[in-house]
Structure formats: structure tokens, C-alpha cells
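# Below are the sequence and a predicted model; questions follow.
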Amino acid sequence: MGSFSIFHWLIVLLIVVLVFGTKKLPGIGKDLGGAVRGFREGMKGEMDRQAREDAQAEKSAQANNGEESEKKN
């Protein structure tokens, strides 16, 4: 009972077609696909930015460790 069968999905599809009509469905699919693509690109950009910040912080920490060891000598 936890998952939907093919008959449940057919009923959902029928209701969507009745509500939106067959002419609007391609436009809705295109808009939804564009939104998903934009979300993925945004997430990729955020992950790239985070990776650059992490690399910069690690480089800075290594530089600070090198300065501390020079001061001790």
C-alpha cells in the first residue's frame, strides 16, 4: 500500500490532462524542465564556489602554519 501502482499514475495523469488540457501540457513540461535545469546549475555553481573557498582556506591555513614555524625558529 506504500507505493503507487501504474493504475494510480494513470488516474493522476488523466486528472492532470482534464485540468490543464492537452495543449498546455507541453508548455508545463518545458517550464518544469527549465526550472529543474536552473536548479541544477545553481547547485553546481554553489558547490564550485564552496570548493574554491575550502581550497583557499586550506591554502591560507598552510601559509599560517609556515609563518608560525618560522617565528619559532
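Looks like it arrived, so ask away.

# got the residue ranges for the strands in this protein?
Counting by DSSP state E, the chain forms no strands at all.

# Under the pLDDT cut-off, which ranges of it? List them.
1-2, 66-73 (pLDDT under 70).

# Determine the longest helix present in it.
helix 25-72 (DSSP state H).

# to the chain's geometric centre, what's the distance from that one?
Helix 25-72 sits 12 Å away from the centroid of its parent chain (CA atoms, centre = their mean, to the nearest Å).

# list the helices and strands it packs on?
Using 3 or more CB pairs under 8 Å, 6 or more residues apart in numbering; DSSP states H and E, the elements in contact with helix 25-72 are helix 6-20. The way it works is simple: take the backbone N, C-alpha and C, and place the C-beta from them, glycine included.

# for the helix it packs on, which positions count as buried?
Within helix 6-20, no residue counts as buried by 16 or more other CB atoms under 10 Å.

# could you give the angle of that helix to helix 25-72?
110 degrees (axes from the mean of the first three to the mean of the last three CA atoms, to 10 degrees).

# send the alpha carbons of helix 6-20 over as CSV?
In CSV, the C-alpha atoms belonging to helix 6-20 read as follows (Å, rounded to 0.1, in the frame of the first residue of the first chain):
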residue,chain,number,x,y,z
ILE,A,6,0.6,2.0,-12.6
PHE,A,7,-3.2,2.5,-12.2
HIS,A,8,-2.7,5.2,-9.7
TRP,A,9,-0.4,7.1,-12.0
LEU,A,10,-2.8,6.7,-14.9
ILE,A,11,-5.6,8.2,-12.8
VAL,A,12,-3.3,11.1,-11.8
LEU,A,13,-2.3,11.6,-15.5
LEU,A,14,-6.0,11.6,-16.5
ILE,A,15,-6.8,14.3,-13.9
VAL,A,16,-3.9,16.4,-15.0
VAL,A,17,-5.0,16.2,-18.6
LEU,A,18,-8.5,17.1,-17.7
VAL,A,19,-7.4,20.1,-15.6
PHE,A,20,-4.8,21.6,-17.8
